[in-house]
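Engineer: I need the structure of the sequence given here:
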Amino acid sequence: MNKTDLVAAIAADVELSKAEAARVLEAVLENLTKTLARGEAVQLIGFGNFTVASRPERTGRNPSTGEQMTIKASKSPKFAAGKALKDAVNASA
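Structural biologist: The predicted model follows:
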């Protein structure tokens, strides 16, 4: 399922136009992104948790030259599925 398919499914489920459903989805994604960018977690009970993990600066190697290099510290979004989501996925298997 891609974003267009998701918008169509949302529109059908809640009886909105596709344009309205697209705006709702964009608002959800924007707010999720803004919250994670501030370093805060987003908890959706039954679905899962979105958090931000910090990665420290470390030394690595350039695979093509073998030269040692420094990999900058960074932050990465993480998702942990909730029990209800895990159960739903496993029930269909």
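Engineer: And the helices in the chain, which stretches?
Structural biologist: With helices called from DSSP state H, the chain shows them at 3-14, 18-37, 83-91.
Engineer: what is the mean pLDDT for the longest one?
Structural biologist: Per-residue pLDDT values over helix 18-37 give a mean of 97.
Engineer: which of the residues in that helix are buried?
Structural biologist: Ala21, Ala22, Leu36 (16 or more other C-beta atoms under 10 Å). For glycine as for every other residue, the C-beta is placed from the backbone atoms N, C-alpha and C.
Engineer: Now stretch 69-84: buried residues?
Structural biologist: Under 16+ other C-beta under 10 Å, stretch 69-84 has no buried positions.
Engineer: Now do that stretch: distance to the chain's middle.
Structural biologist: Centroid separation for stretch 69-84 versus its chain: 10 Å, with C-alpha atoms, centre = their mean, to the nearest Å.
Engineer: how long is it end to end?
Structural biologist: 43 Å (C-alpha to C-alpha, to the nearest Å).
Engineer: between the helices of the chain, which gets nearest to Pro63?
Structural biologist: Ranking those by proximity to Pro63 (C-beta to C-beta) places helix 18-37 first, at 29.8 Å.
Engineer: Provide the contact partners of that closest one at residue level.
Structural biologist: 3, 6-8, 10-11, 14, 16, 41-42, 50-52, 77 (C-beta atoms under 8 Å, 6 or more residues apart in numbering).
Engineer: just how off-centre is stretch 40-57 within its chain?
Structural biologist: Worked out by C-alpha atoms, centre = their mean, stretch 40-57 lies 9 Å from the chain centre.
Engineer: buried sites along that stretch?
Structural biologist: Buried residues in stretch 40-57, defined by neighbour count with 16+ other C-beta under 10 Å: Val42, Gly48, Phe50, Thr51, Val52.
Engineer: ok, which pair from these is furthest apart?
Structural biologist: It's Gly48 and Val52 that sit farthest apart of the buried residues of stretch 40-57, by C-beta to C-beta, at 14.4 Å.
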